[in-house]
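**Q** Need a 3D model of the following:
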Amino acid sequence: MNQADPPSTEPSPETRRGRLGRHLRRVFIGAFILDLLLVWARLIHPGWLVGDSQIAEGVLVILGVAATLAAFLGELPAQNLLLASLLIAGISVAADSLTAKAGLPLAGGQHAGISDVSLVWAPPLIRVFEILNSRGLARLVLRPQRQNANYGFWVLGLTVLLAVAFEMNLGPLATFVSGCSSGKPEYALAGWHSTSCLALGVRALAALLTVAVVTPSLIDKRPNSLTAAVGGNRDSVGLFSFWGWASSNFLFLTVATTHGLWLAAMLIAIELLLLIALVLIAESKSGAGRVPERQQ
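**A** As a prediction, this is how the structure comes out:
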């Protein structure tokens with residue numbers, strides 16, 4: 001009589017990929033934290049460790065994007081993330097080209113506070129970090145509303161609002177810290193630290209277009225069991241987005257306070273406190289009973 005084969009204890013390919021993804025997340029997030037601390041220390045003590053070079057800041061951009069993609073890899077397939085990242089970067093380049101041709105501040109490498117011409121590649125990567133984490137943070141804040149019929153529109157609107165706030169918080173740094181102000185002076189008169197309101201409007205429209213275009217690629221169409229096998233956890237992705245968005249803005253707050261930009265510092269501090277409150281409220285409302293995830 002043939003004996004039935006014993007069940008295989010070999011992990012499935014999905015489980016192996018999930019383990020690899022978790023290891024990659026730990027590596028990239030750990031490296032991002034270390035470089036974040038280095039950049040923060042250099043803000044307090046300019047020129048520390050690597051002199052006037054912006055290597056640490058450039059590496060921080062790369063690690064920030066890598067950590068973000070690694071965090072989202074537990075929720076989305078790699079091809080979806082790659083497509084979303086390429087779309088975000090492409091729209092970013094197009095929007096920056098438009099503002100540059102119009103002679104507006106907030107264009108190209110100057111916008112991100114990067115005076116080193118070797119780092120002009122950074123703005124599209126910053127936008128990938130900005131859009132993905134703004135959307136992840138919006139979904140975290142709106143978690144109790146996932147069954148609302150207008151949930152998708154709320155996520156879209158809050159993502160754009162967070163992205164524009166990120167852009168505004170970067171603006172004063174480019175102007176006053178790195179001396180990267182540019183554009184026609186008459187446009188900047190009614191703007192924000194030499195970042196014109198018109199340029200911010202362009203960025204807001206670009207953010208709206210970006211989120212609308214990339215949203216289909218950011219929807220996980222895999223079965224829930226497969227998502228769990230590869231290490232998917234939507235709440236942990238949202239918490240990473242909150243941490244990434246907040247830590248970046250804490251850097252902006254540090255620069256604003258050390259350079260006497262008190263209005264900018266006050267606004268950034270208010271944003272951070274408000275977001276912390278909203279995340280805590282969302283957690284308290286969702287804690288008693290988890291609301292099933294509504295795809296957006």
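**Q** Please pull up the helix or strand immediately following the longest helix seen in the chain.
**A** Assignment by DSSP state H gives helix 13-44 as the longest helix of the chain. Next along the chain after helix 13-44, taking DSSP states H and E as the criterion, comes helix 55-72.
**Q** and the helix or strand hosting Ala138, what other elements does it pack with?
**A** Ala138 is located in helix 122-141, with elements delineated by DSSP H and E. Judged by 3 or more CB pairs under 8 Å, 6 or more residues apart in numbering; DSSP states H and E, the packing partners of helix 122-141 are helix 55-72, helix 78-101, helix 108-111, helix 151-172, helix 197-214, helix 234-258, helix 262-287. From N, CA and C alone the C-beta is placed, and that goes for glycine too.
**Q** Could you dump the ones you listed into JSON lines with mean pLDDT added?
**A** Listed next are the helices and strands packed on helix 122-141 as JSON lines, based on pLDDT from 0 to 100:
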{"stretch": "helix 55-72", "mean pLDDT": "88"}
{"stretch": "helix 78-101", "mean pLDDT": "86"}
{"stretch": "helix 108-111", "mean pLDDT": "42"}
{"stretch": "helix 151-172", "mean pLDDT": "87"}
{"stretch": "helix 197-214", "mean pLDDT": "82"}
{"stretch": "helix 234-258", "mean pLDDT": "85"}
{"stretch": "helix 262-287", "mean pLDDT": "88"}
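**Q** May I see these arranged in JSON lines, with mean neighbour count and distance to Glu130 as well?
**A** Formatted as JSON lines, those follow (neighbours: other CB atoms under 10 Å; distance: least, CB to CB, whole Å):
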{"stretch": "helix 55-72", "mean neighbour count": "21", "distance to Glu130": "10"}
{"stretch": "helix 78-101", "mean neighbour count": "17", "distance to Glu130": "8"}
{"stretch": "helix 108-111", "mean neighbour count": "22", "distance to Glu130": "11"}
{"stretch": "helix 151-172", "mean neighbour count": "20", "distance to Glu130": "5"}
{"stretch": "helix 197-214", "mean neighbour count": "19", "distance to Glu130": "8"}
{"stretch": "helix 234-258", "mean neighbour count": "20", "distance to Glu130": "8"}
{"stretch": "helix 262-287", "mean neighbour count": "15", "distance to Glu130": "14"}
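**Q** Relative to Leu38, which of the ones you listed is closest?
**A** helix 55-72 (5.2 Å; CB to CB).
**Q** and the angle from that closest one to helix 234-258?
**A** Computed by axes from the mean of the first three to the mean of the last three CA atoms, to 10 degrees, the angle separating helix 55-72 from helix 234-258 equals 160 degrees.
**Q** Helix 55-72 vs helix 78-101, what angle?
**A** Interaxial angle of helix 55-72 relative to helix 78-101 (the same axes, to 10 degrees): 140 degrees.
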